[in-house]
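Colleague: no sequence for this one, just the structure:
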């Protein structure tokens, strides 16, 4: 398994890319991509800008199951609809979730290494990370390890300490969680709490079990979903499709 392009994180660029998409001033994704090449990434060569723009369109649109390239409005996705209603931190976490959907290595690292480690420890070491990658026959494990550590650090879920250890920051957002769980589960129906606990959403955000329960409860009070606890069975009923849910999110207040 290769770690190609993992080191090209583009967190700030992804935020700007989505903010532009949400303004709905572009006729198509191709138009947005061309604008991104010309205006959003001016500090690089044209070849690099084109590569970065292609990565952003792939990660945030083309690999999104709700993206329809044949639609008259191919910028109309749940992610774009939610962008204006997500604060900076929440949007960055949502972008990480979409990156994990798009990239197999990133997803595997979150699900099989970082998430289990975060349940057991407050921190992880680069040596543990390297051992995990070598056990999974990752090409160029040392370089890939550095790229992944930079990726997770830029997304703010790991923080390098003076000892050289990487601490889990515990970064979280109810709105990011609510968006992602709707995006992942998909249908407005009843789900058992185990569906939420076993989700990629939970693993992407490195959420402890109690944190998930707290967010489910808080989301119920925010009227994001219906919650019930009957005969020792916790259940969550989604009201909306992924397309419609963003309307429930309160838009960020302007400072």
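Modeller: Nice, thanks for sending it over. Values in this document were obtained by computation on a predicted structure and should not be read as measured data. Residues are numbered from 1 along each chain as shown.
Colleague: Could you pull up the residues touching residue 94?
Modeller: 79, 82, 86, 176, 179-180 (C-beta atoms under 8 Å, 6 or more residues apart in numbering). Glycine gets a C-beta too; all of them are placed from N, C-alpha and C.
Colleague: Show me how the record splits this structure into domains.
Modeller: 99-168, 174-248 (automatic domain parsing).
Colleague: By mean pLDDT, show me the worst of the ones you listed.
Modeller: Mean pLDDT is lowest for domain 99-168 among those, at a mean of 91.
Colleague: that older thread, please flag which of the contacts of residue 94 sit within strands.
Modeller: Among the contacts of residue 94, none falls in strands (DSSP state E).
Colleague: Mind putting those into JSON lines with neighbour count and distance to residue 124?
Modeller: JSON lines is the format used below for the contacts of residue 94 (neighbours: other C-beta atoms under 10 Å; distance: C-beta to C-beta, whole Å):
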{"residue": "79", "neighbour count": "26", "distance to residue 124": "29"}
{"residue": "82", "neighbour count": "28", "distance to residue 124": "30"}
{"residue": "86", "neighbour count": "25", "distance to residue 124": "28"}
{"residue": "176", "neighbour count": "26", "distance to residue 124": "22"}
{"residue": "179", "neighbour count": "30", "distance to residue 124": "27"}
{"residue": "180", "neighbour count": "29", "distance to residue 124": "23"}
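Colleague: Count the neighbours of the nearest residue to residue 161 once chain neighbours are set aside for me.
Modeller: Using C-beta to C-beta, 6 or more residues apart in numbering and skipping the chain neighbours, the partner closest in space to residue 161 is residue 167 (5.5 Å). If you count neighbours by other C-beta atoms under 10 Å, residue 167 ends up with 15.
Colleague: Over to the one 3 residues further on?
Modeller: Using other C-beta under 10 Å, the number of residues around residue 170 comes to 14.
Colleague: ok, now residue 61?
Modeller: Residue 61: 25 neighbours (other C-beta under 10 Å).
Colleague: Just the buried positions in the helix or strand hosting residue 90, please.
Modeller: Using DSSP states H and E, residue 90 sits in helix 88-102. Within helix 88-102, the residues that qualify as buried are 90-102, counting by 16 or more other C-beta atoms under 10 Å.
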